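Visitor: pasting the structure only:
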């Protein structure tokens with residue numbers, strides 16, 4: 001029997017009261033509709049509250065890394081949440097929040113427990129990250145600069161256990177399988193090696209009936225940041241699109257590790273490297 005989530009509105013608002021105050025002060029220096037919109041989220045259901053807090057946590061994170069940041073979303077046409085600048089370069093950030101309830105449902109991990117994470121918990125969350133990326137494409141299409149999607153959650157156990165280097169790698173390649181070639185009598189030959197069908201990759205996929213040729217997906221998104229805001233300090237890892245419309249310069253965020261596909265991926269060598 002599943003345990004009910006113990007993180008209600010009052011607890012969330014209390015736990016993040018300092019962050020809420022800081023973001024409120026920051027937003028007040030911009031157009032009034034922006035603070036009204038954000039304050040309105042804090043008065044709605046818990047998923048909206050968590051979304052507002054993830055936006056605030058993203059702003060705090062980027063500011064900590066000496067990124068100039070201002071709200072960007074247009075009142076009528078939408079668009080990314082933030083415009084960011086550093087070293088005369090600009091990029092846009094769109095924030096997606098996986099609620100505590102959704103993270104609990106997907107992972108089977110409860111916010112107040114500390115169980116061991118099994119494979120299903122981990123892979124289910126990695127697939128959830130990929131689906132969140134797909135939902136943010138529209139917000140990232142019209143701007144003429146690199147676009148980052150931040151996927152955040154306030155779920156403590158998911159933040160601690162399911163946001164790491166392997167989760168980011170799986171966004172690039174899907175879960176890999178140990179493969180062994182066999183001969184005509186079904187006996188193994190040669191050494192084992194890793195393969196992937198790219199079924200759950202966020203950015204690349206095999207062209208149907210192409211014998212291994214790949215194509216790119218979601219090229220409007222330059223990079224993804226997975227952010228476990230339920231950890232203190234937050235767990236943060238990055239993932240770079242191999243062929244985006246606008247490439248993101250990861251040196252703008254040197255404190256964050258980014259993964260990318262190593263050279264050779266076009267020929268089927270799906271090796272992930274960290275920079």
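Guide: Looks like it came in fine. Computed from a prediction, not measured in an experiment: that's the story for all the values here.
Visitor: for this structure, name the helix or strand with the lowest mean pLDDT.
Guide: Using mean pLDDT, DSSP states H and E, strand 177-182 stands out as the lowest-scoring helix or strand of the chain, at a mean of 51.
Visitor: how many other residues sit next to residue 262?
Guide: For residue 262, the count of nearby residues is 12 (other Cβ atoms under 10 Å). For every residue, glycine as well, the C-beta is placed using N, CA and C.
Visitor: and the strand ranked longest in the chain, which strands flank it?
Guide: The single longest strand within the chain, with elements called by DSSP state E, is strand 89-98. Here strand 89-98 has these sheet partners by DSSP bridges: strand 82-86 (antiparallel), strand 147-153 (parallel).
Visitor: can you mark which positions in the next helix or strand after it are buried?
Guide: Sequence-wise, the next helix or strand downstream of strand 89-98 (DSSP states H and E) is helix 100-107. For helix 100-107, the neighbour count (16 or more other Cβ atoms under 10 Å) marks 100-104, 106-107 as buried.
Visitor: could you do stretch 230-240 as well?
Guide: Buried, per 16+ other Cβ under 10 Å, within stretch 230-240: 230-231, 234-240.
Visitor: which of the residues you listed sits closest to residue 19?
Guide: residue 234 (11.2 Å; Cβ to Cβ).
Visitor: confidence score at that closest one?
Guide: On the pLDDT scale, residue 234 is placed at 96.
Visitor: surely it touches residue 62?
Guide: No. Residue 234 lies out of contact with residue 62 (Cβ atoms under 8 Å); the separation is 11.7 Å.
Visitor: so which residues of the stretch 1-150 of the chain form helices?
Guide: In the stretch 1-150 of the chain, helices defined by DSSP state H, counting those that start in this stretch lie at 9-15, 17-27, 32-42, 46-64, 100-107, 119-135, listed in chain order.
Visitor: where in the chain is pLDDT low?
Guide: 1-6, 113-117, 174-197, 209-211, 267-268 (pLDDT under 70).
Visitor: again, 90 this time
Guide: 1-8, 73-79, 108-127, 130, 134-143, 161, 170, 172-202, 204-215, 262-272 (pLDDT under 90).
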